[in-house]
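Asks: missing the sequence, but the structure's below:
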């Protein structure tokens, strides 16, 4: 399948280009830093650019609602659409985070694609009861 090749190729490329941060401690700290950068970039879409707005408040959820219907009452609190510059910045930040996740997989002798398949299987089995 082409998708598993893409994931494996990505993971192998990460292994080839990761030179300086080969320590698991370095990779773990880089994951935290990449996550912080991603958070900052998403926040800047609201506070810097303004292409997104956040409108949040307590949701009144009926007591007789089913778990399956809960999705209809909850939302992302986001208004608007990301502009092209913000979209590019968010994608870059997510890419950097994926890079270090793949690096961690390499160090721990794990396969990123296998992990995704396992998680997908769990999601399908548990469905809405996953509460992820």
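Replies: Looks like it arrived, so ask away. Predicted model, so just to flag it, every value in this text is computed and none were measured.

Asks: residue ranges for the helices of the protein, please.
Replies: Ranges of helices within the chain are 2-17, 24-44, 70-73, 84-107, 112-126, based on DSSP state H.

Asks: how far out from the middle of the chain is the fourth one?
Replies: Once both centres are worked out by Cα atoms, centre = their mean, to the nearest Å, helix 84-107 turns out to sit 9 Å from its chain's centre.

Asks: again, but for stretch 116-123
Replies: Distance of stretch 116-123 from the chain centroid (Cα atoms, centre = their mean) equals 15 Å.

Asks: same question for stretch 12-23.
Replies: The chain centroid and the centroid of stretch 12-23 are separated by 21 Å under Cα atoms, centre = their mean.

Asks: any idea of the mean pLDDT for it?
Replies: Averaged across stretch 12-23, the pLDDT comes to 84.

Asks: and the closest residue in space to residue 93 that isn't next to it in sequence, how far from residue 101?
Replies: Counting by Cβ to Cβ, 6 or more residues apart in numbering, residue 38 is the residue found nearest to residue 93 once chain neighbours are left out, at 4.0 Å. Backbone N, C-alpha and C define where each C-beta goes, glycine included. According to Cβ to Cβ, to the nearest Å, residue 38 stands 12 Å off from residue 101.

Asks: report the separation between the residue positioned nearest the centre of the chain and residue 109.
Replies: The centroid of the chain falls nearest to residue 94 when counting by Cα atoms, centre = their mean (6.6 Å). Here residue 94 is placed at a distance of 24 Å from residue 109 (Cβ to Cβ).
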